[in-house]
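Asks: when you get a sec, could you give me coordinates for this:
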Amino acid sequence: MVFCEGTGSVMNDGFGGLPQWCSLFLFDGWVLDTPVKYAFALLGTLVMSIASEVLRVYRVRWERDYNDSLVKDVLLSFVYGTHMLNAYFLMLLIMLYDSYFITVIITGLSIGHFIARRMSQREKRKDYDVLPSETKVVNPTGSATETTSFEIVSGNSPCCR
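Replies: Predicted coordinates for the structure are as follows:
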């Protein structure tokens, strides 16, 4: 049985299952004419989708923590360009009108958002770790007792970050 027909095309005839014509994966010559090539293309698309969302979240955070440095400006510009290139590649894959690719892209963006959000939450918690510190309190009777209090290590309030 033949997986698909043709030398590779884009913009299939609307959304549906497996395309009747062989899809072209981003570049001329990358024809998805076997089930194995198709599966690897879906896997690569999933990785691209996850990376796109993680790059977006971290790029915005790196820009927020901005300091006036030429090296940092160059690196942020490179990260921005990489993110946009990846996003445009994903847009081109959406334009295949292949429901499997669209499902993988949406799933990958959702997974990437989840991963980036969890990593951000973990870092916020790490910023506001509390450490116990021993203090002595003098009772009105004049005897000293030890109590344990807690202090914020970073010195910042979580509400105002």
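Asks: give me phi/psi at residue 89?
Replies: phi -60, psi -40 (degrees, to the nearest 10).
Asks: likewise for residue 97?
Replies: Phi and psi for residue 97, reported as degrees, to the nearest 10, are phi 60, psi 40.
Asks: and for it, the neighbour number?
Replies: Neighbour count for residue 97, taken as other Cβ atoms under 10 Å: 16. From N, CA and C alone the C-beta is placed, and that goes for glycine too.
Asks: likewise for residue 57?
Replies: Around residue 57 there are 16 other residues, counting by other Cβ under 10 Å.
Asks: contacts only, for the residue nearest to it when sequence neighbours are not counted.
Replies: Once flanking residues are discounted, residue 57 sits nearest to residue 116: 3.8 Å by Cβ to Cβ, 6 or more residues apart in numbering. By Cβ atoms under 8 Å, 6 or more residues apart in numbering, the residues touching residue 116 are 53, 54, 56, 57, 58.
Asks: what about residue 116, which helix or strand?
Replies: If you go by DSSP states H and E, residue 116 is part of helix 99-127.
Asks: for that helix, what is the average pLDDT?
Replies: Regarding helix 99-127, the rounded mean pLDDT is 85.
Asks: ok, now stretch 38-57?
Replies: The model assigns stretch 38-57 a mean pLDDT of 92.
Asks: that older thread, let me know the closest of the contacts of residue 116 to residue 71.
Replies: Of all those, residue 71 sits closest to residue 58, with 17.2 Å by Cβ to Cβ.
Asks: name the nearest residue to that closest one, sequence neighbours excluded.
Replies: residue 116 (7.0 Å).
Asks: what's the spacing between that neighbour and residue 70?
Replies: Distance of residue 116 to residue 70, computed by Cβ to Cβ, to the nearest Å: 27 Å.
Asks: quick one, what contacts residue 77?
Replies: Contact analysis of residue 77 by Cβ under 8 Å, 6+ apart lists nothing.
Asks: tell me the pLDDT at it?
Replies: Looking at residue 77, its pLDDT is 88.
Asks: distance check, it against residue 87.
Replies: Distance of residue 77 to residue 87, computed by Cβ to Cβ: 16 Å.
Asks: cool, residue 64 as well?
Replies: Distance, residue 64 to residue 87, by Cβ to Cβ: 20 Å.
Asks: so for the two, which sits in the more crowded spot?
Replies: A direct count of neighbours by other Cβ under 10 Å for residue 64 and residue 87 places residue 87 higher, at 15 against 7.
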